[in-house]
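> sequence-free structure coming up:
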Ligand SMILES: [Zn+2]
């Protein structure tokens, strides 16, 4: 069985017979993070992969453990939050564009945060950071409280023990990131305090609203503890999810 994310049918679990055998014509098309054109046939209640053609193998993601890890973050997020057959409009295109950009970006971590934010937006559960989620007053940033889904104004925030301050600058950065334009994201320069706020907001938001801790994100962040300065290393480690695929 392979897990595929398709444009037309969302997440699909399909039988791919013989992909473990040498010379299988299907195997390259279902490699991790591979964009492919697939032909699926339904037989006895299961999808069976019968033909496949690789469109883009994204080799660069398999040669660099950091990029590999961040590619896995997006795939894990999709696999763990999407029901089989559930189509989220625009998600397939966003995933392909993410994998393309991840091959060359100088800021893989920022790109991955942008994907997570944009994914929350697509799902209609993005953090509210331009108005107070309790009283509706216009704000930019404020005291972020996960249970309120966003950043509260000073009046509403008093007495909220779990709040942390989201600066107007960090809020503007989040607005820019969640539109998910990889070229614009590449031009963003985040200060260290902004990085800390953005990272904490995303983690708290995903944990509270989706009850998720992304294993691939923990893995890729643990790499920083022993990675060589150049950031290049052999392929390996654990990944999150199956490839992206067109479905005929
Ligand atoms: Zn308020």
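Nice, thanks for sending it over. This structure is a prediction, so every number in the text was calculated from the model and none was measured. Numbering: from 1, shown residues only.
> Please make it C-alpha for all contacts and neighbour counts, starting now.
Noted.
> Neighbours of residue 147, how many?
Other residues within reach of residue 147, judged by other Cα atoms under 10 Å, total 12.
> Now the closest residue to it other than its chain neighbours: which helix or strand?
Leaving out its chain neighbours, the residue that sits closest to residue 147 by Cα to Cα, 6 or more residues apart in numbering is residue 208, at 7.0 Å. Element membership for residue 208, per DSSP states H and E: helix 192-210.
> For this protein, give me the ranges with low pLDDT.
Applying pLDDT under 70 to the chain picks out residues 226-248.
> at 50 instead, please
Applying pLDDT under 50 to the chain flags residues 230-244, 246-248.
> all strands of it, in order?
Ranges of strands within the chain are 2-6, 10-15, 35-43, 46-56, 142-145, 150-152, 164-166, 244-247, based on DSSP state E.
> Now do the first one: distance to the chain's middle.
Strand 2-6 has its average C-alpha position 15 Å from the chain's average C-alpha position, going by Cα atoms, centre = their mean, to the nearest Å.
> Ok, which of the strands of the chain comes nearest residue 69?
In terms of Cα to Cα, the element of the strands of the chain nearest to residue 69 is strand 244-247, at 15.5 Å.
> Tell me the residues on the protein that lie near the ion, please.
Neighbours of the ion within the chain, by Cα under 5 Å from the ion: 132, 135, 153, 156.
> Check the gap between the third one and residue 48 for me.
It stands for residue 153. 53 Å (Cα to Cα, to the nearest Å).
> Taking the centroid of the protein, which residue is nearest it?
The C-alpha lying nearest the average C-alpha coordinate of the chain belongs to residue 74 (Cα atoms, centre = their mean; 2.5 Å).
> That one contacts residue 115, correct?
Yes - between residue 74 and residue 115 there is a contact under Cα atoms under 8 Å: 7.0 Å.
> which residue of this protein sits farthest from its center?
The chain, farthest from centre, Cα atoms, centre = their mean: residue 155 at 34.0 Å.
> Could you pull up the contacting residues of it?
Residue 155 sits next to no residue when contact means Cα atoms under 8 Å, 6 or more residues apart in numbering.
> Would you mind measuring from it to residue 11?
From residue 155 to residue 11 the distance is 43 Å (Cα to Cα).
> Kindly report the same for residue 182.
On the measure of Cα to Cα, residue 182 and residue 11 end up 24 Å apart.
> before we move on, what about residue 65?
For residue 65, the distance to residue 11 (Cα to Cα) stands at 25 Å.
> Spatially, which residue comes closest to residue 57, not counting chain neighbours?
Excluding the flanking residues, the one nearest residue 57 by Cα to Cα, 6+ apart is residue 34, at 4.6 Å.
> buried set for stretch 45-64?
47-49, 52-54, 56-58, 61-64 (16 or more other Cα atoms under 10 Å).
> could these be laid out in a markdown table, adding distance to residue 84?
Converted to a markdown table, those look like this (distance: Cα to Cα, whole Å):
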| residue | distance to residue 84 |
| --- | --- |
| 47 | 12 |
| 48 | 15 |
| 49 | 16 |
| 52 | 20 |
| 53 | 23 |
| 54 | 23 |
| 56 | 24 |
| 57 | 24 |
| 58 | 24 |
| 61 | 26 |
| 62 | 26 |
| 63 | 30 |
| 64 | 30 |
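> before we move on, the earlier item: residues near the residue nearest to residue 147, how many?
By other Cα under 10 Å, neighbour count at residue 208 equals 15.
> Now for residue 111: which residues touch it?
So residue 111 contacts 98, 102, 105, 182, 185, 186 (Cα under 8 Å, 6+ apart).
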